[in-house]
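Asks: okay, sequence plus prediction incoming.
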Amino acid sequence: MIRFEQVTKRYPDGTTAVNDLSFEVAEGELVTLVGPSGCGKTTTMKMVNRLIEPTSGRILLDGEDIAAADPVRLRRRIGYVIQQVGLFPHRTVLDNTATVPRLLGRPRKAVRERAAELLDLVGLDPAVYGDRYPDQLSGGQRQRVGVARALAADPPVLLMDEPFGAVDPVVRERLQNEFLKLQATLRKTVLFVTHDLEEAVRLGDRIAVYGQGTIEQFDAPAAVLGAPATEYVAGFVGADRGLKRLSVTPVEAGDLERPPVVRLDDPLGTAVRRLTAEGARWAVVLDDAGRLHGWLPADAARAGAAAGANPSGPGTGSAAGQGSAARGSAGAAGAGNTVRHHTHRMEAWLPVGSSLKQAFATMLQHDAGWIAVLDGDHFLGVLTPARLHEALRRSIGADANALARTEVTVETVPDR
Ligand SMILES: Nc1ncnc2c1ncn2[C@@H]1O[C@H](COP(=O)(O)OP(=O)(O)OP(=O)(O)O)[C@@H](O)[C@H]1O
């Protein structure tokens, strides 16, 4: 349906954006173009609707050289969805959706009915959203209108350039799933640009992995992931695999550090001795039942102990960068010199078995240098960035071993 024959694009400044590209997209097929920034994906895409002209080579649409086609008529056959949707701000959602069919001079009533149907199809109730203006929609809703608008003239071909790139990951996944459902019924011929391998794998019937202006591998998603054709593709897939393992690798007890543990009612002197003996900058504070209560910075503990029975108040140590509020306050003279009165609340904690990704997110959210890991109410240990990194490396290593094992076939010789 779409065929590139030795297409090269060289910009006037000498940049070769696309070099001798040849590939074919079958009718009804969704091909994702994936690769790092600047590798030529958008240039490839824009040559199909003649927003950019190739320097050499040919592009055929349904067997016809597009160079011979009238660009305006060509574009009517090609829906185009981009990241910055480009909706008209002063037109309602319904009017935006109906733009192209109206330009084509189709009857007004039929156009409005079709636009309403399309909005419904992309998950926007036309009765609710049809009369709104683009700035009254969320980012994800605007993207949906963009897709509805691209479909309005019922073009056989869709070009989608990072259409879901500007929305958050949750909305993005929803839009991807909805688009897949839509595509299952519409079966458009789609070129879909993304720099996210996960999106490319999820959506593509086939994936074109770009190097610099060339396609390094053009294959089914499983083949790209399982049998990268070149070292470059292996690297591209591998880096992403590492990130993906963050979400599927659980925090385990063995990953944790064991800082000194003190109890709420321990005298401060005892806590200081333990901190000093272990050379630690902070201790974890548990209550009598072994539940996590907070943490005790060594400098605050030392200052409190030095102040004897008249503590000057809770310390503000930031050994672990927790920055959380002190829970206790200096108590009555004599009764205030226990751990309880110098303990900081511990906000950054997670149940054991949570993913490394959740752990990382929790660290970032609380700007924490470490997070506590609990088994139910029971404190297990703390995860530090270094331990998180080790756990991730172990997980990637195990993954690689598992792959290597499945590739080995063991032949057995029957006994007799
Ligand atoms: N008009 C232009 N003039 C000169 N060079 C250009 C022009 N447009 C793009 N380029 C260059 O061509 C190369 C490919 O650009 P292109 O936009 O196709 O990449 P891309 O893979 O879509 O990147 P991104 O993911 O960042 O959008 C880049 O090096 C870019 O700087």
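Replies: All right, it came through fine.

Asks: over to P156: give its phi and psi.
Replies: Dihedral pair for P156: phi -70, psi -20, per degrees, to the nearest 10.

Asks: would you mind listing what in the stretch 151-300 of the chain touches the ligand?
Replies: H195 (C-beta under 6 Å from any ligand atom). All C-beta atoms are positioned from the backbone trio N, CA, C, and that covers glycine.

Asks: all strands for the stretch 151-300 of the chain, in order.
Replies: Secondary structure of the stretch 151-300 of the chain by DSSP state E, counting those that start in this stretch: the strands cover 157-161, 189-194, 206-210, 215-219, 261-263, 282-286, 292-297.

Asks: tell me which helix or strand of the chain sits lowest on mean pLDDT?
Replies: helix 385-407 (a mean of 67; mean pLDDT, DSSP states H and E).

Asks: which residues touch the residue in the stretch 151-300 of the chain that the ligand sits nearest to?
Replies: Distance from the ligand to each residue of the stretch 151-300 of the chain (C-beta to the nearest ligand atom) is smallest for H195, at 5.0 Å. Each residue near H195 by C-beta atoms under 8 Å, 6 or more residues apart in numbering is listed here: V34, G35, P36, S37, K41, E162.

Asks: any weak-confidence spans in the stretch 1-150 of the chain?
Replies: Under the criterion pLDDT under 70, the flagged ranges of the stretch 1-150 of the chain are 84-85.

Asks: spell out which parts of it neighbour the ligand.
Replies: Checking the stretch 1-150 of the chain against the ligand by C-beta under 6 Å from any ligand atom, the hits are Y11, D13, T15, A17, G35, S37, G38, C39, G40, K41, T42, T43.

Asks: could you redo the last one with a cut-off of 8 Å?
Replies: Contact residues, the stretch 1-150 of the chain versus the ligand (C-beta under 8 Å from any ligand atom): 9, 11-13, 15-18, 33, 35-46, 52.

Asks: domains in the chain, as residue ranges please.
Replies: Split into domains by the TED database, the chain comes to 2-249, 253-308+337-401.

Asks: got the buried residues for the host helix or strand of E117?
Replies: In the assignment (DSSP states H and E), E117 maps to helix 108-121. Within helix 108-121, the residues that count as buried by 16 or more other C-beta atoms under 10 Å are V111, R112, R114, A115, A116, L118, L119, L121.

Asks: what sits against the closest residue to T384 other than its chain neighbours?
Replies: Residue nearest to T384 in three dimensions, not counting chain neighbours: W370, with 4.7 Å by C-beta to C-beta, 6 or more residues apart in numbering. Residues near W370 by C-beta under 8 Å, 6+ apart: E257, A320, A348, M363, V382, L383, T384, P385.

Asks: distance of W370 from R258?
Replies: 12 Å (C-beta to C-beta, to the nearest Å).

Asks: need the contact list for the residue nearest to L296 when sequence neighbours are not counted.
Replies: In this structure, L296 finds its nearest non-sequential neighbour in A283, 4.8 Å apart by C-beta to C-beta, 6+ apart. For A283, the contacting residues are P259, P260, V261, V262, A271, R274, L275, W295, L296, A298, A301, by C-beta under 8 Å, 6+ apart.

Asks: kindly report the same for A184.
Replies: Listed by C-beta under 8 Å, 6+ apart, the contact set of A184 is empty.

Asks: ditto for the one 5 residues further on
Replies: If you count contacts by C-beta under 8 Å, 6+ apart, T189 has them with M1, I2, V25, A26, E27, G28, E29, P156, V157, L158.

Asks: which of those residues are buried? Put it as a ChimeraX command.
Replies: Selection of buried members from these for ChimeraX, criterion 16+ other C-beta under 10 Å:
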select :1,2,25,29,156,157,158
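
Asks: circling back to that earlier point, need the strands of the stretch 151-300 of the chain in TSV with distance to P101, can you?
Replies: Formatted as TSV, the strands of the stretch 151-300 of the chain follow (distance: least, C-beta to C-beta, whole Å):
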stretch	distance to P101
strand 157-161	16
strand 189-194	20
strand 206-210	31
strand 215-219	34
strand 261-263	70
strand 282-286	65
strand 292-297	62
